[in-house]
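[1] 3D, please:
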Amino acid sequence: MTWLSMLWNEEEPPAGGPVREPVASLVTDTGCVRAQNEDSARIVRVGPCGHGDRGLLVVVADGMGGHEAGEVASQTAVEVIEKAYREAWGTPGEALAAAFQQAHEQILKMAARNPDHAGMGTTCTALAMVGGRAWAAHVGDSRIYLVRGGAIYQVSEDQTQRMEMVRQGLMTMEEAERHEDRNVLAHAMGTRRNLALTTWPQPLPLRPGDRFVLCSDGLHDLVSAQEILQVVRDAETDESCDKLLRMARQRGGFDNITVAVAAVPDGEVPAVPQRSTRECEILP
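    Alright, predicted model coming up:
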């Protein structure tokens with residue numbers, strides 16, 4: 001992938017101490033058409049534990065299935081990933097992968113036990129920012145964008161039928177954007193026995209001013225990457241979330257809308273950084 005080789009081959013940031021602790025905000029909304037919100041999201045600041053520092057975790061999930069099963073699937077994914085990520089051994093990237101697998105297996109078990117939940121599933125996208133590095137895990141078509149140096153990069157790849165056709169050379173990206181089945185998922189958590197998880201091959205070094213946007217398709221179907229760039233680079237994380245939500249609603253809000261923004265502040269690291277006294281803090 002072009003963005004992958006370009007970003008990971010950038011020179012390391014100049015020496016000068018660690019980057020500041022990231023900050024993050026999120027909003028989730030039913031939208032203007034749907035009766036209920038099947039999206040789930042969470043920001044968790046996980047303090048140092050027996051498995052090492054776990055940093056800031058951001059998770060966005062977009063559920064699917066009747067009888068409120070989509071909401072059950074997305075909530076289960078978020079809850080299991082938060083707990084399993086905190087408890088898993090290994091690097092943050094390994095912990096994320098293990099957490100996704102546990103969430104996937106839990107959703108499969110729940111669907112097997114309850115006929116009303118049969119066929120339920122969820123997209124899930126997560127970002128962990130730890131010690132000046134970022135790791136990610138992803139399944140489905142929720143997205144992660146990176147805003148850096150006045151540009152925006154989509155650093156996750158949609159797992160949809162249209163993207164499968166693009167990768168196979170059966171249609172161009174321009175044709176895919178107009179395709180009537182552009183939102184049909186090729187993979188999701190809980191829908192098949194094997195989880196089609198994608199992760200970054202190595203952590204991404206963070207730079208002061210970096211901003212990540214995690215969102216469900218209720219946002220990125222209605223607000224373009226360039227519009228996201230314009231909003232996020234000029235506003236604080238909470239203001240960015242509110243602006244992007246309003247834009248999606250003003251354009252119809254046809255689906256549930258979830259957006260989270262995580263930012264590495266500019267400036268020097270405080271001389272005495274505050275330490276959380278709690279192992280896990282769920283942020284508002």
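
[2] Show the contacting residues for residue 220.
    Residue 220 makes contact with 143, 228 under the criterion Cβ atoms under 8 Å, 6 or more residues apart in numbering. Bear in mind the C-beta positions are built from the backbone N, C-alpha and C, glycine included.

[3] repeat that for 10 Å
    141, 142, 143, 145, 154, 158, 213, 228, 244, 248, 257, 259 (Cβ atoms under 10 Å, 6 or more residues apart in numbering).

[4] before we move on, what about residue 227?
    Counted by Cβ under 10 Å, 6+ apart, residue 227 has contacts 152, 243, 244, 247.

[5] which residues in the protein form helices?
    2-8, 69-87, 92-113, 161-167, 173-178, 217-220, 225-232, 237-250 (DSSP state H).

[6] What values do phi and psi take at residue 119?
    Backbone torsions for residue 119, taken as degrees, to the nearest 10, come to phi 80, psi 0.

[7] burial count for it?
    14 (other Cβ atoms under 10 Å).

[8] Tell me the spacing between the residue lying closest to it once chain neighbours are set aside and residue 128.
    The spatial neighbour of residue 119 that comes closest, neighbours along the chain excluded (Cβ to Cβ, 6 or more residues apart in numbering), is residue 65 at 5.6 Å. Note on residue 65: its distance to residue 128, by Cβ to Cβ, to the nearest Å, is 27 Å.

[9] Any regions of the chain where pLDDT drops low?
    1-18, 48-51, 66-67, 159-186, 267-284 (pLDDT under 70).

[10] My read is that residue 129 contacts residue 260, right?
    No. In this structure residue 129 lies outside contact range of residue 260 using Cβ atoms under 10 Å: 11.9 Å.

[11] Need the residues touching each of those two.
    The contact lists of residue 129 and residue 260 share 24, 58, 212, where a contact means Cβ under 10 Å, 6+ apart.

[12] can you pull up the bridge partners for the most centrally placed residue in the chain?
    In the chain, the centroid-proximal residue (Cα atoms, centre = their mean) is residue 125; its distance is 3.5 Å. Per DSSP bridges, the residues bridged to residue 125 are residue 60, residue 138.

[13] can you pull the contacts of it?
    41, 58-62, 100, 136-144, 156, 198, 214-216, 260.

[14] Emit the PyMOL select command for whichever of those residues are buried.
    In PyMOL, a selection of the buried entries from those looks like this (16 or more other Cβ atoms under 10 Å):
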select buried, resi 41+58+59+60+61+62+100+136+137+138+139+140+141+142+143+144+156+198+214+215+216+260
